[in-house]
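> Pasting a predicted model and its sequence here:
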Amino acid sequence: MDATDKLFAGSIPEIYNTLFVPLIFEPYANDLAERIARIKAANLLETASGTGALTRVLARRLPAQTRIIATDLNQPMLDHAAAKQPQPDRVTWRQADALALPFQNQEFDVVACQFGVMFFPDKVKGFSEARRVLTPGGHFFFNVWDRIENNEFADTVTNSLGELFPQNPPMFLARTPHGHYDVDKLKNELTAAGFTKISADIVDFRSKATSARDVAVAYCQGTPLRGEIEARDASHLEKATEVATDALVRRFGNGAIDGLIRAHVITATG
């Protein structure tokens with residue numbers, strides 16, 4: 001993972017939340033929240049909460065007495081999430097590293113992580129921290145994207161940028177969000193962290209957008225892919241967005257478009 005893969009700052013949080021969250025994150029937030037709601041947890045910790053896509057659904061779905069603490073490594077993302085939370089007293093927001101959680105042993109019934117473990121530089125350590133703060137028999141829920149070829153918008157954008165920058169193609173999407181789909185490897189890492197019961201489901205949805213341009217802006221300007229583009233040529237951000245738009249139009253057509261998104265949903269208990 002490159003150092004810039006975890007950089008969510010500047011205008012990225014706003015674009016991410018406005019375009020990217022409804023594009024690919026909302027259906028999986030609903031799926032994960034439904035699974036978590038069955039547990040009837042008293043204390044829940046969310047790691048890598050980003051702009052709060054899952055957090056907001058959990059706040060609506062879980063009983064009012066459930067304590068929800070949402071954390072993220074990036075303070076700008078937390079600030080944006082807190083500002084968007086309709087019930088400001090429902091969630092406690094806290095900046096924290098998922099690999100060094102500032103909580104006591106066995107403090108939570110559930111730990112949840114929506115598309116965040118791909119950013120852990122040491123997954124066994126991150127999983128071990130989740131295991132440490134869970135009560136005996138507590139549940140760890142998370143999801144990861146499947147390979148990029150099975151996530152059609154991301155695949156199209158990545159291929160188009162490879163044509164724009166053939167000598168040094170920006171590979172953030174393939175490398176990090178879509179680079180950790182090996183479920184057997186994840187299960188081994190969870191076992192090494194102390195989890196004993198692990199299950200995995202493949203979950204497909206259709207990603208829908210009003211235009212190819214919205215998809216291109218979401219990926220090129222609302223994720224750390226932006227930093228990769230600007231590192232190659234700071235003046236080419238708009239050009240890259242246009243190239244991605246054109247590729248999406250060629251593959252999916254003009255007007256409203258939709259494409260396959262696929263993820264693995266993991267449940268682990270100690």
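Perfect, I can see it now.
> now could you export just the CA positions of stretch 104-124 as PDB?
The C-alpha coordinates for stretch 104-124 follow below in PDB (Å, rounded to 0.1, in the frame of the first residue of the first chain):
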ATOM      1  CA  GLN A 104     -10.300  -1.600  27.200                       C
ATOM      2  CA  ASN A 105     -10.300  -5.300  26.700                       C
ATOM      3  CA  GLN A 106     -13.700  -6.900  26.200                       C
ATOM      4  CA  GLU A 107     -15.500  -3.600  26.000                       C
ATOM      5  CA  PHE A 108     -17.800  -4.200  23.000                       C
ATOM      6  CA  ASP A 109     -20.300  -6.900  21.800                       C
ATOM      7  CA  VAL A 110     -19.700  -6.000  18.200                       C
ATOM      8  CA  VAL A 111     -16.900  -4.500  16.100                       C
ATOM      9  CA  ALA A 112     -17.900  -3.400  12.600                       C
ATOM     10  CA  CYS A 113     -15.800  -2.200   9.700                       C
ATOM     11  CA  GLN A 114     -17.300  -1.200   6.400                       C
ATOM     12  CA  PHE A 115     -14.700  -1.500   3.600                       C
ATOM     13  CA  GLY A 116     -11.800  -0.500   5.800                       C
ATOM     14  CA  VAL A 117      -9.700  -3.500   6.500                       C
ATOM     15  CA  MET A 118      -8.100  -3.200   3.000                       C
ATOM     16  CA  PHE A 119      -6.300  -0.100   4.400                       C
ATOM     17  CA  PHE A 120      -4.900  -1.900   7.400                       C
ATOM     18  CA  PRO A 121      -1.100  -2.100   6.900                       C
ATOM     19  CA  ASP A 122      -1.000  -5.200   9.200                       C
ATOM     20  CA  LYS A 123      -4.300  -7.100   9.000                       C
ATOM     21  CA  VAL A 124      -3.400  -9.600  11.800                       C
END
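> quick one: residue 138 is in a helix?
No. In this structure, residue 138 is strand, not part of a helix, as judged by DSSP: H, G, I helix; E, B strand; the rest coil.
> Is it in contact with residue 109, as I believe?
Yes. Using C-beta atoms under 8 Å, residue 138 is in contact with residue 109, at 5.2 Å. Backbone N, C-alpha and C define where each C-beta goes, glycine included.
> more neighbours, these two?
residue 138 (23 against 20; other C-beta atoms under 10 Å).
> and that one, what does it touch?
Counting by C-beta atoms under 8 Å, 6 or more residues apart in numbering, residue 138 touches 106, 108, 109, 110, 111, 269, 270.
> Got a PyMOL select line for the buried ones in those?
In PyMOL syntax, the buried subset of the contacts of residue 138 is picked out as below (16 or more other C-beta atoms under 10 Å):
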select buried, resi 108+109+110+111+269+270
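> Please convert the contacts of residue 138 to a markdown table, extending it with pLDDT, distance to residue 230 and secondary structure.
Output for the contacts of residue 138, formatted as a markdown table (pLDDT from 0 to 100; distance: C-beta to C-beta, whole Å; DSSP: H, G, I helix; E, B strand; the rest coil):
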| residue | pLDDT | distance to residue 230 | secondary structure |
| --- | --- | --- | --- |
| 106 | 98 | 44 | coil |
| 108 | 98 | 38 | strand |
| 109 | 97 | 42 | strand |
| 110 | 98 | 38 | strand |
| 111 | 98 | 34 | strand |
| 269 | 97 | 43 | strand |
| 270 | 82 | 43 | coil |
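> Helices of the stretch 151-270 of the chain, residue ranges please.
152-164, 172-175, 183-192, 212-221, 225-232, 237-252 (DSSP state H, counting those that start in this stretch).
> Now do the buried residues in the fifth one.
Read it as helix 225-232. So helix 225-232, judged by 16+ other C-beta under 10 Å, has buried residues 225, 226, 227, 228, 229, 230, 232.
> and of those, the nearest to residue 75?
Distance to residue 75, by C-beta to C-beta, is smallest for residue 227 among the buried residues of helix 225-232, at 17.3 Å.
> Does residue 121 belong to a helix, a strand or coil?
Applying three-state DSSP: residue 121 is coil.
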